[in-house]
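In: Here you go, sequence then predicted model.
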Amino acid sequence: MAYYQDLREFILTLEQAGKLVRIHRPMIRETEIMPLSRLQFRGLPEEERKVFLFENVMDVKGRHYPGKVATGIYGASREIYALGMKCAPKEIFDRWDAALAHPIDPQIVSSGPVRQEVHVGKDIQSIGLYEFPLPVEEPGYSGTIRTTNQFVTKDPDTGIRNVGTYSGHLRSPNRLLVGCGLTHHGYVHLQKYRERKTPMPAAIIIGATPNLMQVSSTNVPYGVDEYAVAGAIAGEPFKLIKCETVDLEVPAFAEIVIEGLVSTDTFEPHASFGEYPGYMYEGSNDMRPVMEVTAITHRKDPIVTPMLVGLPPSDNHMLMVISTEATYYRFLKYASNNPNIVDVAFHESGGGWNYCVVSLHKTHPSQPWQVLNGISAFDPVIGKIAIVVDEDIDPHDPDAVNWALSYAMQPHRDVRIITGRSPALDPSGSAPGSSREVRGYPPPEGASAMLIDATRKWPYPPVGLPKKEYMESAIHLWGELGLPPLKLKKPWHGYTLGNWTAEDEENAELVLKGAYREIGRKMLQRQVKK
């Protein structure tokens, strides 16, 4: 089955799957769009979240915009993410594994819908970036309007592209502030251009097919072309078109492309905006490079695809969670030579990156630390709190993880603190007003991470729930009584964990038979006086 040709085809699929809400009434981009989009993340379980398509967008001054705004389209839920991959949710890791192992080189084409309208020169200076209804993310607190989409750059030494998800903060019709972290590959490219004392060509993509957003939000190894990995997810080459004014390639079927040159010697401070730790980012001391826009191309009536970023959960966090889970699953299982990895979970409440739990089929006491050391080695930002649990613990369920933390580990023995890491945008890393360099690596040892082995160290008694057969009977009875649908969490039945004797089993069987007095007689024979 062929992959989606463009975002619009994906929208139709979402609608057919019951995952799209069309909103026809006029919606004000400064005050109404994002608050409405936020409500489902604060008030609905993940499986009930949907994509909102705003078809009638205006601003506070009464201006109506052509085109539409789609929120949550890339990651409102795990099911929507899976639809973007054209697979079942349980197949996501396998699809990622195959895509990273077997990239498909992109295909250059001569034309595409993204060229239906082309703006250069005076067109950009007059309206430029203000043509599009980018919504205000946190009305009442946001001091900036931005894109949070794919940035395309190229290594000037190798010519290999990078496609990363960064922010572009609007400053004028033809000027953007580039929000790219110090540890990101796009920043590596910027440093290389700085050494050459030349500006860096860049292109911003808005409204690509979901496979590109999935890949650009993932820690793909440096030097691997994200377009090729996105093509492998689709099972076919990604169709690219050359830019109008810079030496880069962009999706031929994207909704909007913004081309430009990123200065290596001109910087501006941030204004406040929401970030993935869940707080507003106050960046008055954080100087970021300026991008001069040289061309804007787009489809007629383009669809804008903003990302919800602030307090988790959000579609940005879900994207980060699933993509990071997939790459870490592959790394820990294969690169770190540990085939006993069962599952990897990054929690939305941890901002997508900070809180990592791995379930493990442990066959040797060294394996939890092999996993924990691998997590800390993969990236200097990801995995501030890393936990390994036994295979019967659902790493995605906070209650199950807290159970393991409470009764399967001792802090003095099973917890290690490591330093030498970067807090990125974590506000606990440095005090307000710190420079960008200090925020990136607080002196003298950088930031830290906590590694926890929360696996059981010896056999335990059975889990304190009825055996499976009795719980299954109860589920059948539940249905007969017409009670509300169940969403069972592991563990939902009891099971043994090694510390259970034949006598324990015998006593349990006697209780089931109503032979309580027999147990009393047995225990009477063991009665002692002290």
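Out: Received, thanks. All figures in this text were calculated on a predicted structure; none of them were measured in a lab.

In: burial measure for A515, as a count.
Out: Around A515 there are 13 other residues, counting by other Cβ atoms under 10 Å. Using the backbone N, CA and C atoms, a C-beta is placed for each residue, glycine as well.

In: Quick check: most distant residue from the centroid of this protein.
Out: Distance from the centre of the chain peaks at K529, with 62.5 Å (Cα atoms, centre = their mean).

In: in which helix or strand would I find that one?
Out: Secondary structure from DSSP states H and E places K529 outside every helix and strand.

In: likewise R42?
Out: Counting by DSSP H and E, R42 is found in helix 33-43.

In: Check which helices and strands that helix sits against.
Out: Applying 3 or more Cβ pairs under 8 Å, 6 or more residues apart in numbering; DSSP states H and E, we find helix 33-43 packed against strand 51-54, strand 68-71.

In: Show me how far whichever helix or strand comes after the first one is from its chain's centre.
Out: If you walk from strand 51-54 toward the C-terminus, the next helix or strand you reach (DSSP H and E) is strand 57-58. Strand 57-58 has its average C-alpha position 29 Å from the chain's average C-alpha position, going by Cα atoms, centre = their mean, to the nearest Å.

In: Stretch 274-282 too?
Out: 15 Å.

In: same check, this time on stretch 264-275
Out: Its chain's C-alpha centre and that of stretch 264-275 lie 23 Å apart, by Cα atoms, centre = their mean.

In: same question, stretch 250-270
Out: Centroid displacement of stretch 250-270 relative to its chain, using Cα atoms, centre = their mean, is 23 Å.

In: and what of stretch 12-19?
Out: 22 Å.

In: what mean pLDDT does that stretch have?
Out: Stretch 12-19 shows a mean pLDDT of 98.

In: Could you list the buried residues of the helix or strand containing N507?
Out: Using DSSP H and E, N507 falls within helix 502-512. Of the residues in helix 502-512, N507 count as buried by neighbour count, 16 or more other Cβ atoms under 10 Å.

In: Can you identify the element that follows it toward the C-terminus?
Out: Downstream of helix 502-512 (by DSSP H and E), the next one is helix 516-524.

In: starting at the chain centroid, how far to that next one?
Out: 57 Å.

In: For that helix, which outside residues touch it?
Out: The contact list for helix 516-524, computed with Cβ atoms under 8 Å, 6 or more residues apart in numbering, reads N507, L510, V511.

In: Following the chain onward from the longest strand seen in the chain, which element is next?
Out: Longest strand of the chain, by residue count under DSSP state E: strand 256-269. Sequence-wise, the next helix or strand downstream of strand 256-269 (DSSP H and E) is strand 273-274.

In: What distance do you get for the residue farthest from the centre of the chain to R521?
Out: Per Cβ to Cβ, to the nearest Å, K529 is found 18 Å from R521.

In: likewise A88?
Out: Distance of A88 to R521, computed by Cβ to Cβ: 55 Å.

In: swap in M287?
Out: Counting by Cβ to Cβ - M287 and R521 are separated by 82 Å.

In: More neighbours: which of those two?
Out: Neighbour count, other Cβ under 10 Å: between M287 and R521, M287 has more, with 15 against 9.

In: tell me which residues form a beta bridge with the more buried one?
Out: Taking DSSP bridges, one obtains P269 as the residues bridged to M287.

In: List the contacts of it.
Out: Counting by Cβ under 8 Å, 6+ apart, the residues that M287 touches are F267, E268, P269, R436.

In: Provide the secondary structure category for the residue most central in space within the chain.
Out: Centroid check for the chain by Cα atoms, centre = their mean gives M320 as the closest residue, at 1.2 Å. Here M320 takes the helix state, with states given by DSSP: H, G, I helix; E, B strand; the rest coil.

In: can you check Y130 too?
Out: Recorded secondary structure, Y130: helix (three-state DSSP).

In: What is the burial count for the closest residue to it other than its chain neighbours?
Out: Leaving aside its chain neighbours, Y130 sits nearest to P173 (5.6 Å; criterion: Cβ to Cβ, 6 or more residues apart in numbering). For P173, the tally of surrounding residues (other Cβ under 10 Å) stands at 17.

In: Could you do R194 as well?
Out: R194: 16 neighbours (other Cβ under 10 Å).

In: Pretty sure it sits in a strand.
Out: No. R194 is assigned helix when assessed by three-state DSSP, not a strand.

In: in this structure, what spans have low per-residue confidence?
Out: Filtered on pLDDT under 70, the chain yields no residues whatsoever.

In: Tabulate the helices and strands packed on helix 33-43 (CSV), appending mean neighbour count.
Out: Formatted as CSV, the helices and strands packed on helix 33-43 follow (neighbours: other Cβ atoms under 10 Å):
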stretch, mean neighbour count
strand 51-54, 24
strand 68-71, 25
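
In: Turn the ones you listed into TSV, columns for distance to K467.
Out: Converted to TSV, those look like this (distance: least, Cβ to Cβ, whole Å):
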stretch	distance to K467
strand 51-54	43
strand 68-71	46
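
In: any idea which of the contacts of helix 516-524 is closest to S37?
Out: Within the contacts of helix 516-524, proximity to S37 (Cβ to Cβ) peaks at V511, which comes in at 53.9 Å.

In: How about F331, nearest residue that isn't a chain neighbour?
Out: The nearest residue in space to F331 (Cβ to Cβ, 6+ apart) is F378, at 5.7 Å.

In: Would you mind listing the residues in contact with the one you found?
Out: By Cβ under 8 Å, 6+ apart, the contact set of F378 is N219, Y328, F331.

In: Can you tell me the SS state at N338?
Out: Secondary structure, three-state DSSP: N338 is coil.

In: give me the number of residues near it?
Out: By the measure other Cβ under 10 Å, the count of residues near N338 is 18.

In: For the stretch 301-450 of the chain, just list every one of the strands.
Out: Ranges of strands in the stretch 301-450 of the chain, per DSSP state E, counting those that start in this stretch, are 303-304, 341-346, 355-360, 385-390, 415-421, 447-454.

In: Okay, buried residues for stretch 380-397 please.
Out: For stretch 380-397, burial by neighbour count (16+ other Cβ under 10 Å) applies to 380-384, 386-390, 392-397.

In: Just tell me which of the helices and strands packed on helix 33-43 ends up closest to L451.
Out: Closest to L451 of the helices and strands packed on helix 33-43, according to Cβ to Cβ: strand 68-71, at 36.3 Å.

In: Downstream of that closest one, the next helix or strand is which one?
Out: With elements assigned by DSSP H and E, the helix or strand that comes after strand 68-71 is helix 78-85.
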